[in-house]
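J.: Need a 3D model of the following:
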Amino acid sequence: MRTFASLVKLARFKVEELQRQMAMLDDARAHLEGRSAELERSVPEEQIAADATKEGYLAYGSYAQAVIVRKDNLQVSMVEIDAQTASLRVLLEDAFRELKKFELMEERRLSRIAEAQVKAEQAELDEIAGVRAARS
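T.: Numbers count the residues shown, from 1 in each chain. Alright, predicted model coming up:
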């Protein structure tokens, strides 16, 4: 009989690898969200500092534009990560289905082996009982 243990092992490895990639994407998204939040928090602080001096007041416009560009770039990156996560999620679902299929096939194989052993043992016991019945 064919063993599916190696296929189960390979499928499990594939699932684990996809899960690692998903975790990396989640971490990257969380990092980008943190950076975006930092930018949001820095704006009021910079406004206060800009109001303190004339030079700061004049330079604040450039700072604000740079913050807007950075936030837009972060948003684009988060959208890209979301798209990658969605496609990876589909691959992960497929990998889970494949793993389950191989696990079920291996389980059935082991079940058939166990049933065959039980039948063989029962046949042996029946033969012993037949020999004893013939002796008496």
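
J.: Grab the nearest non-local neighbour of the residue nearest the centre of the chain.
T.: Per C-alpha atoms, centre = their mean, the C-alpha nearest to the average position across the chain is that of residue 19, at 2.3 Å. Once flanking residues are discounted, residue 19 sits nearest to residue 92: 6.9 Å by C-beta to C-beta, 6 or more residues apart in numbering. In this view, the C-beta of every residue, glycine as well, is placed from N, C-alpha and C.

J.: wait, doesn't that neighbour sit right on residue 17?
T.: No: between residue 92 and residue 17 there is no contact under C-beta atoms under 8 Å: 9.8 Å.

J.: between these two, which one's more packed in?
T.: Each of residue 92 and residue 17 has its neighbours counted (other C-beta atoms under 10 Å); residue 92 has more, 18 against 12.

J.: How far does the strand or helix carrying the more buried one sit from its chain's centre?
T.: Using DSSP states H and E, residue 92 maps to helix 54-135. Distance of helix 54-135 from its chain centroid, counting by C-alpha atoms, centre = their mean, to the nearest Å, is 7 Å.

J.: same deal with stretch 40-49?
T.: Centre-to-centre, stretch 40-49 and its host chain are 38 Å apart (C-alpha atoms, centre = their mean).

J.: Give me the residues contacting that stretch.
T.: With C-beta atoms under 8 Å, 6 or more residues apart in numbering as the test, stretch 40-49 has contacts from 56, 60, 63, 64, 67, 71.

J.: For burial, what's the neighbour tally of residue 95?
T.: Per other C-beta under 10 Å, the neighbour tally for residue 95 reads 19.

J.: In the chain, where is pLDDT below threshold?
T.: For the chain, the stretches with pLDDT under 70 are 1-2.

J.: So which bits of stretch 115-127 are buried?
T.: Buried residues in stretch 115-127, counting neighbours by 16 or more other C-beta atoms under 10 Å, are absent.
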